[in-house]
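**Student:** Need a 3D model of the following:
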Amino acid sequence: MALTAAERETVVLMNDADKFITITTSQRKMVTALERNAAAEILSDTTFEGTRILEVKLPLNAFGIRNPKGKRDVAAKRVMKAAKCGAPTASGKPCGRIARKDTGKCPVHS
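**Tutor:** I've put the predicted structure just below:
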């Protein structure tokens, strides 16, 4: 008997000491997405009561947490309102990073 929808879950483990995260999931969409991720190192791939459980290790920079559209928190709204750095990049386009208040440019271009 396979796990129910409420029992299929994803657990993300990360800490300040390591440069990687560990993800354990039994959610079908997440299993597929992690399998296709070139940066993911598969640690284990098992089956429990007919449900596939995948555990992978990812570099910290290959993982991000997104909010659903329209569900931005207060900090994200502040960032969106913050002044952007206008310094030109190598391609000639403006930088777009958040500018420092004192210099008006991002830390890269200050």
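**Student:** Where does the most centrally placed residue in the chain sit, in terms of helix or strand?
**Tutor:** By CA atoms, centre = their mean, the chain has its centre lying nearest to G64, at 0.9 Å. Under DSSP states H and E, no helix or strand contains G64.
**Student:** give me phi/psi at it?
**Tutor:** Dihedral angles of G64 (phi, psi; degrees, to the nearest 10) stand at phi -140, psi 150.
**Student:** what sits against it?
**Tutor:** Applying CB atoms under 8 Å, 6 or more residues apart in numbering, we find G64 in contact with no residue. Glycine gets a C-beta too; all of them are placed from N, C-alpha and C.
**Student:** Kindly report the same for G50.
**Tutor:** M1, A2, L3.
**Student:** What segments of the chain are strands?
**Tutor:** For the chain, applying DSSP state E gives strands covering 10-13, 20-25, 41-48, 51-59.
**Student:** Run the chain-centre distance for the third one.
**Tutor:** Which is strand 41-48. From the chain centre to the centre of strand 41-48 is a distance of 21 Å (CA atoms, centre = their mean, to the nearest Å).
**Student:** Kind regards, and thank you for your time.
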